[in-house]
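S.K.: dropping a prediction and its sequence here:
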Amino acid sequence: MDVVVLGGGTGGLVASHRLRRELPREDRVVLVERDVVYRFAPSFLWVLTGQRRPEQLSADLTRVTRRGIELLKPTRSGSTHTRRRSRPRGGRSRMTGS
Ligand SMILES: Cc1cc2nc3c(=O)[nH]c(=O)nc-3n(C[C@H](O)[C@H](O)[C@H](O)COP(=O)(O)OP(=O)(O)OC[C@H]3O[C@@H](n4cnc5c(N)ncnc54)[C@H](O)[C@@H]3O)c2cc1C
């Protein structure tokens, strides 16, 4: 089974991690998100008050691929760019784009 989660905001991130935990490894969990930077919106207020810097509220969304979640970035043409985790036999996991 393939499951597609639309939007990699807080809701989409929580949903895709939960699905990854619950589903068997052979099932694909695909997260579609246009921005590879995740930002935690509730903490924007702390940026306004100078108590946080923007980079403290941000994370590289491509990290989800380490957890077995595929990340697809839509393009202007409507197609998608995918990042998959590939694991060479006997080697470490690595990221590929296609
Ligand atoms: C200042 C501030 C304070 C807040 N405080 C709180 C709080 O205290 N408690 C609370 O519960 N909530 C709070 N919120 C609200 C909370 O941040 C949002 O409810 C929450 O982020 C919504 O999550 P979401 O995943 O539904 O949507 P979003 O976080 O908006 O994620 C949607 C994602 O979909 C992606 N996307 C949209 N369209 C496309 C497309 N066509 N193709 C690909 N990707 C797409 C976007 O890039 C985005 O990453 C606050 C918000 C702000 C701004």
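M.R.: That came in fine, so what should we check first?

S.K.: buried ones in the helix or strand that contains residue 12?
M.R.: Using DSSP states H and E, residue 12 maps to helix 10-22. Using 16 or more other CB atoms under 10 Å as the burial criterion, the residues of helix 10-22 that qualify are 12-13, 15-17, 19-20. Where C-beta positions appear, they are placed from N, C-alpha and C, glycine not excepted.

S.K.: JSON lines please, covering those and showing distance to the ligand and pLDDT.
M.R.: As requested, these are arranged in JSON lines below (distance: CB to the nearest ligand atom, whole Å; pLDDT from 0 to 100):
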{"residue": "12", "distance to the ligand": "5", "pLDDT": "97"}
{"residue": "13", "distance to the ligand": "7", "pLDDT": "95"}
{"residue": "15", "distance to the ligand": "8", "pLDDT": "97"}
{"residue": "16", "distance to the ligand": "11", "pLDDT": "97"}
{"residue": "17", "distance to the ligand": "13", "pLDDT": "96"}
{"residue": "19", "distance to the ligand": "14", "pLDDT": "97"}
{"residue": "20", "distance to the ligand": "16", "pLDDT": "97"}
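
S.K.: for the helix holding residue 12, name the packing helices and strands.
M.R.: Judged by 3 or more CB pairs under 8 Å, 6 or more residues apart in numbering; DSSP states H and E, helix 10-22 is in contact with strand 2-6, strand 28-32, strand 69-74.

S.K.: at 7 Å instead, please
M.R.: Judged by 3 or more CB pairs under 7 Å, 6 or more residues apart in numbering; DSSP states H and E, the packing partners of helix 10-22 are strand 2-6, strand 28-32.
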